[in-house]
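[1] can't give you the sequence, but here's the structure:
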């Protein structure tokens, strides 16, 4: 497995990503994508959009990143979106208290431990500041809210926050979005965009950042009626690591199918199971190595109280300090870190109910019955002339309590007297005074608060995984080589074109023509005429460009059809292809629908001997 | 010209855009794109990327939206990115003082008037609070910084700001980006992403928002050597409104070519002229109406001090309160508002010099000479044994001053004595003590601070313009109709498929097959089986879907080839097309490279009579 340092170094050198604001000393937790990284990320987002928006028939929206305080009061982020902060009394450095506990003890999920216990653990283990070794035993551990706060408008303004997840921009607009869905469940809404977490101490470089991109799908379903099309992915194989296996001493992840996992109840929600299957296929499509991938169920302590079942997609990537080496296949080694790249959650009606409560608006869908239904409805019509004198100022509250009781428990009115509680005091009311009755009403439908099923993808971590899993080293012509075996759909560049020498006008013209041809075929093409040809190959190998075309003298002279060489990245094999065919041949090699392989190309035109390969 | 209200209403109803957080009462200046708007915006960004990144051979990056304070100290935003704020003493409402002046006087560009004069104008004209009519004469006008401020990390943290323009994310990374460009000028870097301005009082709805999307291209050039490929766009016709015409009583915009405008010096920078031409063609491609479009030069008072020449692309869109009506072509009317949709600026070396100064890093490119050059360099080697006793503690500073003087003005050493200033005091030094000499040095090149040419596109305003300019009303079969005549490249949906009735399984199956066929041809397809066929057409007309396919009984029975109807949006004409050909025919109609027009389709297959058109 490749070491994290090697990936980071290559990413910086080849324009994938690097710490932002370097000239100003940098700010932890902020990264910039260079041209190759931005291209890979854009490819990844397009592949996601294709699978989770277009092919699923979902709607994509784009909401602002700054949202007002009321939204996060309702969503629970203002109160609950916290990490545990402990500050060093000597050097002033801030640390996540739970991480310090995890680092120095056997405890694994310290995040869910209450603060007083964490303080106790710090004392017990005499934990110290990782920066200056000062003891932290007497320091208070505090909740630190992870939202970036700002002020909207001048003066005292209005408090706003950078959204901690794109999902809230979808939830708050539900009343309008359901109109666009013509008030029919189920429907899905997606969003790809920035989200923010003001991490206390972003230690893991690109893995734990303060600004990142999410791709989220919120599926709104009628929990009583809507089923996912599970058959579409029932046979998809997934590697599961359920909570029970994590708790067991000899527990481990195992492979099963989505269909079996749902049938056996390992995955509790068919909707969650469905999305695990869809996502599994998508991860394979974009080049995540299935040997370094699993779905891990949340432990009971990790689960949000509203979430019935949650699974994380996790990939294994090189850890900091891991020795670099050949990583072309083979078993994953233990040194890698497992990182969460997607969360799958059955969120019940939590989000929409909270926003209905917070905003006072309706977040329901009117579900029309096939036939109008006649239902019995219990009502009361309390005799205020009696209640008034009896209960004085409480009379109104007693009447309300009677109404609520009638809806909730009509049978209570069967007895001669009913009891209701107002402000902690129990009042007895004569059933006749309540004027209880049961009426038959015809209803055309009911208002349903949809449940939400959410796959939430961390785009940056998936980009990182795709690069980490594509990282290879080998030897070509006796020289060490590093290359990225990226899937062509993900690669920043489809093909590179090199004129062998830069002092022959005819060669340069032909190289220009070939570049134009390839671009006309819809390919993204890099033209490079600087440095030795070997160096240019190595550069493209490290970028992950699937094919390089070199234009040499055989392209402009000689008997028979003039040719250029086409080199395949992973094998470094080269084939001479007629100039006239090179555009079509490379397009065919890149087309996932076409089964033209490099092998077949080599068979058609004949391969060049190795010695020539890297000039 | 359409009224702004009509565009806004259609945008909300059909899922283009709407004020965000409506359930919570909304927050001025924040909009959400619904599914159709997000799709149009995505199409527009793709078209921009194609033209300004891919086809120009530029590099696209993606930088964080939160940046540290030091960046904006250097860029000048911390000090200068202000608007004039006046608060109402009665109701507390905040207003832009310059806008109040513009609204109630003949003054047009009040933004550039100094604060004391604005205060004087408020007194003089007895301006009042637009909300509550309270007098503002005694209220102070203050500078209000338009950046959203936040705090990075816990505790006192580090101050950060939401970037006011994407450009800064490019400028600060110049030292690394030039490496990716292999240290060769010119090169261009692009970025598409959110930018933020904490507007005092965002009055104009979607036109003046607090969070928006920019698409910026920063071109780094050697001002001594690099010329743009002006010939590519020399013949492009542009409508210019130069500063001189704006100042003249009877001045007006006029049409010329890019080549002429540059040659005559109307556009001062050939680079700016080049981008005006490229942009003009791009605006036409995406459907901006050239009759409601112009390039307006900045007035001397508007120009930033570092900017040699600036032009804004402006579109004319419906003003608030303008009466709606037929707007299919014809002369633009005066009621429209001119809004800035792009800025073109020659920014000199201002940005890179400021960041070099602010960060202490090098923001230059080493420009290698073709041949090494021998240059004379003046140096001094002051005799400290003499300076020490003479100047005491100032001796070091005097020596430094002599070195600086030698570089700046070697001739000063021709006299027997030179004068230097240290801490405001002038010291005379014997030229011999300075040990002045001139050496010949061989240099291989020099460090150049590139100049920046920047086209900066406001994506949201261009989306707005494209929708406004596509808005049409007409009459079909005696009924009023509204439709968006969007260019197919911009339309949210390529085609819609309708089964005529929803209770015939065979029809529904065929409609599914046609939908799948069209999707397989790479089209974005909407399937709709709800409501009358006329209603479904109207829905797609308002979304701007170019073609609708209706599947009726002729698709499943009868002699000869089974057919479906294809309806063209703008003309509402319909043609019966064999089921087997419909995918290929619509793909051809949509392909800008293919010249298959609906006219030709009608000629091939025969048109259906009008009466049938809208069911």
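    Received it, and whenever you're ready, just let me know what you need. Since the structure is predicted, the reported quantities are computational estimates derived from the model, not experimental observations.
[2] Now do the SS call for the closest residue to residue A:475 other than its chain neighbours.
    Distances taken as Cβ to Cβ, 6 or more residues apart in numbering or on different chains place residue A:481 nearest to residue A:475, at 6.5 Å, with adjacent residues excluded. All C-beta spots, glycine's among them, are computed from the backbone N, C-alpha and C. Taken by DSSP: H, G, I helix; E, B strand; the rest coil, the conformation at residue A:481 corresponds to strand.
[3] what separates residue A:481 from residue B:127, distance-wise?
    Applying Cβ to Cβ, to the nearest Å, the value for residue A:481 to residue B:127 is 72 Å.
[4] who's more crowded, the two?
    residue B:127 (22 against 16; other Cβ atoms under 10 Å in any protein chain shown).
[5] residues touching that one, list them.
    Neighbouring residues of residue B:127 by Cβ atoms under 8 Å, 6 or more residues apart in numbering or on different chains: B:100-101, B:104, B:121, B:135-137.
[6] now the residues you listed as JSON lines including pLDDT and distance to residue B:596?
    Output for these, formatted as JSON lines (pLDDT from 0 to 100; distance: Cβ to Cβ, whole Å):
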{"residue": "B:100", "pLDDT": "93", "distance to residue B:596": "55"}
{"residue": "B:101", "pLDDT": "93", "distance to residue B:596": "56"}
{"residue": "B:104", "pLDDT": "89", "distance to residue B:596": "56"}
{"residue": "B:121", "pLDDT": "94", "distance to residue B:596": "60"}
{"residue": "B:135", "pLDDT": "94", "distance to residue B:596": "66"}
{"residue": "B:136", "pLDDT": "95", "distance to residue B:596": "62"}
{"residue": "B:137", "pLDDT": "93", "distance to residue B:596": "67"}
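[7] which of those residues are buried?
    Buried positions within the contacts of residue B:127, assessed by neighbour count (16 or more other Cβ atoms under 10 Å in any protein chain shown), are B:100-101, B:121, B:136.
[8] What residues of stretch A:19-31 count as buried?
    A:19-24, A:27-31.
[9] Check stretch A:295-306 too.
    Within stretch A:295-306, the residues that count as buried by 16+ other Cβ under 10 Å are A:295-298, A:303, A:306.
[10] ok, now stretch A:228-244?
    Of all the residues in stretch A:228-244, those buried under the rule 16+ other Cβ under 10 Å are A:228, A:230, A:233-234, A:236, A:238-243.
[11] coming back round to it: so can I have JSON lines of the buried ones among the contacts of residue B:127 showing secondary structure and distance to chain A?
    Below are those laid out as JSON lines (DSSP: H, G, I helix; E, B strand; the rest coil; distance: Cβ to the nearest Cβ, whole Å):
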{"residue": "B:100", "secondary structure": "helix", "distance to chain A": "14"}
{"residue": "B:101", "secondary structure": "helix", "distance to chain A": "18"}
{"residue": "B:121", "secondary structure": "helix", "distance to chain A": "20"}
{"residue": "B:136", "secondary structure": "coil", "distance to chain A": "15"}
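[12] of those residues, closest to residue A:63?
    In terms of Cβ to Cβ, no member of the buried ones among the contacts of residue B:127 lies closer to residue A:63 than residue B:100, at 31.8 Å.
[13] I'd say the closest one and residue B:86 touch.
    Yes - using Cβ atoms under 8 Å, residue B:100 is in contact with residue B:86, at 7.1 Å.
[14] anything in contact with each of those two?
    Common contacts of residue B:100 and residue B:86, defined by Cβ under 8 Å, 6+ apart, comprise B:122, B:136.
[15] Would you mind measuring from the residue located most distally from the centre of chain A to residue B:506?
    When each C-alpha in chain A is compared with the mean C-alpha position (Cα atoms, centre = their mean), residue A:389 comes out farthest, at 61.5 Å. Using Cβ to Cβ, residue A:389 is found at 72 Å from residue B:506.
[16] Once you drop chain neighbours, what's closest to the residue in the stretch 401-550 of chain A that chain B sits nearest to?
    Using Cβ to the nearest Cβ, the single residue of the stretch 401-550 of chain A nearest to chain B is residue A:530, 6.0 Å away. Once flanking residues are discounted, residue A:530 sits nearest to residue B:182: 6.0 Å by Cβ to Cβ, 6+ apart.
[17] now swap in residue A:480 and tell me
    Using Cβ to Cβ, 6+ apart, the nearest residue to residue A:480 is residue A:473, at 6.5 Å.
[18] Give the buried residues for the strand or helix carrying that neighbour.
    Using DSSP states H and E, residue A:473 falls within strand A:471-476. Neighbour-count burial for strand A:471-476, counted by 16+ other Cβ under 10 Å, picks out A:471-472, A:476.
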